[in-house]
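Undergrad: here is a sequence together with a model predicted from it:
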Amino acid sequence: MDAAEFRKRGKEMVDYVADYLEKIEKRQVFPDVEPGYLRPLVADSAPQDPESFEDVFKDIEKIIMPGVTHWHSPYFFAYFPSASSFPALLADMLCGGIGCVGFSWAASPACTELETVMLDWLGKMVNLPKEFLAEKDGQGGGVIQGSASEATLIALLAARTKIIRQVQSEKPELTEAEIMGTLVAYASDQFCATLGTTSCCSFDKLLELGPICNKENIWMHIDAAYAGSAFICPEFRHLLNGVEFADSFNFNPHKWLLVNFDCSAMWVKKRSDLIGAFKLEPLYLQHHHQESGLVTDYRHWQIPLGRRFRSLKLWFVLRMYGVRGLQEHIRKHIRLSHQFEHLVLQDERFEICAEVVLGLVCFRLKGSNELNEALLKSINDAKKIHLVPCHLREKFVLRFAVCSRTVESTHIKFAWQHISQLATDLLKTWEHNHHQQ
């Protein structure tokens, strides 16, 4: 494929993606396929001779789409949202086109510098304490990771290295292995200090945890993977109070801030803590600007060596939506979740199982776990909408997460009517079967 054909095919692909997203609600949200469906549809091995773009293109609908779960469908209410927007998709094209591997400043200065500035922009949007910003000469700063789990692991490794070095300086007679054996990490069943847990979007009390961590010299990492995006709205910023006690903080713009996966934002108060744990200096990666101390080499802030130009999509989205547009997006989702909560509360057969703070509603039929498992199965078997469950203290609970960028009040009403009707059908057969026993 030469540049001329790329121009033509690129436009066709953009049209295909635009059509896909515009008409996504006509597609069944969850596929009908069984595990292993794809292998019989493709050749046993790669073709020896090139195939045409047409051949590949027509296989998208034939082979790929039948096995896609449509995360951006307005009938998708499972997990948490996965962000997507046209500006972010365009930025991803540019990222692929530039195709740099930005492990150091010299490897592509714009790739590093835009990321540093974008994480400052984002940090200011959620009103992070100044110590977390890089600015011109700050000690802290932000970095884009692949996921919140990655950010948590990095915080853990950096904390471990920091404490080992501290103990070594106090007790030089101890070996690293001896120190390692005495280290303790404190976690809840959600792992670390969490704002917006996955199961029910609950919030740890940072104002209680923080001072204890600071007093005991414990590294505190805060994970706000889903909820963090909402802190750009002044009315939800109080949920982040106590972040000033943390050493590191993370949330995922790729969940709720219209930036496609992957883009997980992580900030540290002391960049030296990360660099201390991950510094890697073979000669071929060194460059003459390093000595100035002004240069950020993001390979020292992460697990992989290579990295993509992910700050481009943040830049496009923040500029083309503006803070106000992003706040509107968040507020709309939260309004819709309260609409769903209201519908559930009007039906005395159901109960709400956790306070609805943001865009997640946890609900269930009053009754046994088996009954609710049966309800969820009938919902997901019908494939009109898609939900996933969670356990809240022994109870089997259904999660309803407002996800799609294009979801509207009508979709929420449809979802509730559908769930309510399936519940009616289920309760009839359930009571009948249980009477017979």
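TA: Good, I have the coordinates.

Undergrad: list the contacts of stretch 104-118.
TA: Applying C-beta atoms under 8 Å, 6 or more residues apart in numbering, the contact partners of stretch 104-118 are 98, 100-102, 134, 141-144, 285, 287, 289, 295-299, 307, 309-312, 314-315, 318. The C-beta positions use only the backbone N, C-alpha and C, and glycine is treated the same way.

Undergrad: hmm, 7 Å instead?
TA: Stretch 104-118 is contacted from outside by 100-102, 134, 141, 143-144, 285, 287, 289, 295-299, 309, 311, 314-315, using C-beta atoms under 7 Å, 6 or more residues apart in numbering.

Undergrad: contacts only, for residue 396.
TA: Shown in contact with residue 396 (C-beta under 7 Å, 6+ apart): 364, 369, 372, 373, 389.

Undergrad: and it, how close does it get to residue 372?
TA: Per C-beta to C-beta, to the nearest Å, residue 396 is found 5 Å from residue 372.

Undergrad: any shared contact partners between those two?
TA: In contact with both residue 396 and residue 372: residue 364, using C-beta under 7 Å, 6+ apart.

Undergrad: rewinding a little: the contacts of stretch 104-118 in strands, which ones?
TA: 141, 143, 144 (DSSP state E).

Undergrad: give the buried residues for the helix or strand harbouring residue 266.
TA: Per DSSP states H and E: residue 266 is located in strand 264-268. Neighbour counts over strand 264-268 (16 or more other C-beta atoms under 10 Å) mark 264, 265, 266, 267, 268 as buried.

Undergrad: now do that strand, average pLDDT.
TA: The pLDDT scores in strand 264-268 average 97.

Undergrad: what mean pLDDT does the helix or strand that comes right after it have?
TA: Sequence order places helix 271-278 as the next helix or strand after strand 264-268, per DSSP H and E. For helix 271-278, mean pLDDT is 84.

Undergrad: just give me how far helix 271-278 sits from the chain centre.
TA: Centroid separation between helix 271-278 and its chain, computed with C-alpha atoms, centre = their mean, to the nearest Å, is 24 Å.

Undergrad: contacting residues around that helix?
TA: Residues outside helix 271-278 that contact it (C-beta under 7 Å, 6+ apart) are 139, 140, 141, 154, 157, 158, 161, 162, 268, 300, 301.

Undergrad: per-residue pLDDT, the third one?
TA: Per-residue confidence (pLDDT) for residue 141: 94.

Undergrad: let's verify residue 182: helix, strand, or coil?
TA: Under DSSP: H, G, I helix; E, B strand; the rest coil, the three-state class of residue 182 is coil.

Undergrad: just checking, next helix/strand downstream of the lengthiest helix in the chain?
TA: Ranked by residue count, the top helix of the chain under DSSP state H comes out as helix 311-345. Next in sequence after helix 311-345, counting helices and strands by DSSP H and E, comes strand 350-352.

Undergrad: what lines up beside that following strand in the sheet?
TA: Applying DSSP bridges to the sheet, strand 350-352 is found paired with strand 360-365 (antiparallel).

Undergrad: may I have the partner strand as CSV, with CA atoms only?
TA: Presented in CSV, the C-alpha positions along strand 360-365 are these (Å, rounded to 0.1, in the frame of the first residue of the first chain):
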residue,chain,number,x,y,z
LEU,A,360,-23.1,3.5,39.1
VAL,A,361,-26.4,2.1,40.6
CYS,A,362,-26.2,-1.2,42.6
PHE,A,363,-29.6,-2.8,42.9
ARG,A,364,-31.3,-6.2,43.3
LEU,A,365,-34.6,-7.9,43.7
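
Undergrad: picking that back up, closest one of the buried residues of strand 264-268 to residue 424?
TA: Nearest to residue 424 out of the buried residues of strand 264-268 is residue 264 (C-beta to C-beta; 41.6 Å).

Undergrad: and residue 49, what pLDDT?
TA: Per-residue pLDDT puts residue 49 at 96.

Undergrad: for residue 292, that is, sorry about that
TA: pLDDT recorded at residue 292 is 45.

Undergrad: the one 10 residues further on now?
TA: Looking at residue 302, its pLDDT is 86.

Undergrad: what's the local residue count around it?
TA: 20 (other C-beta atoms under 10 Å).

Undergrad: contacting residues for it?
TA: Taking C-beta under 7 Å, 6+ apart, we find residue 302 in contact with 143, 145, 154.

Undergrad: may I have stretch 411-425 exported as PDB, CA atoms only?
TA: C-alpha atoms of stretch 411-425 as PDB (Å, rounded to 0.1, in the frame of the first residue of the first chain):
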ATOM      1  CA  HIS A 411     -32.100   4.200  26.800                       C
ATOM      2  CA  ILE A 412     -32.300   4.300  30.600                       C
ATOM      3  CA  LYS A 413     -36.100   4.000  30.500                       C
ATOM      4  CA  PHE A 414     -35.900   1.200  28.000                       C
ATOM      5  CA  ALA A 415     -33.300  -0.600  30.200                       C
ATOM      6  CA  TRP A 416     -35.600  -0.300  33.200                       C
ATOM      7  CA  GLN A 417     -38.700  -1.400  31.400                       C
ATOM      8  CA  HIS A 418     -36.800  -4.400  30.100                       C
ATOM      9  CA  ILE A 419     -35.400  -5.400  33.500                       C
ATOM     10  CA  SER A 420     -38.800  -4.900  35.200                       C
ATOM     11  CA  GLN A 421     -40.600  -7.100  32.600                       C
ATOM     12  CA  LEU A 422     -38.000  -9.800  32.900                       C
ATOM     13  CA  ALA A 423     -38.300  -9.600  36.700                       C
ATOM     14  CA  THR A 424     -42.100 -10.100  36.400                       C
ATOM     15  CA  ASP A 425     -41.700 -13.100  34.200                       C
END
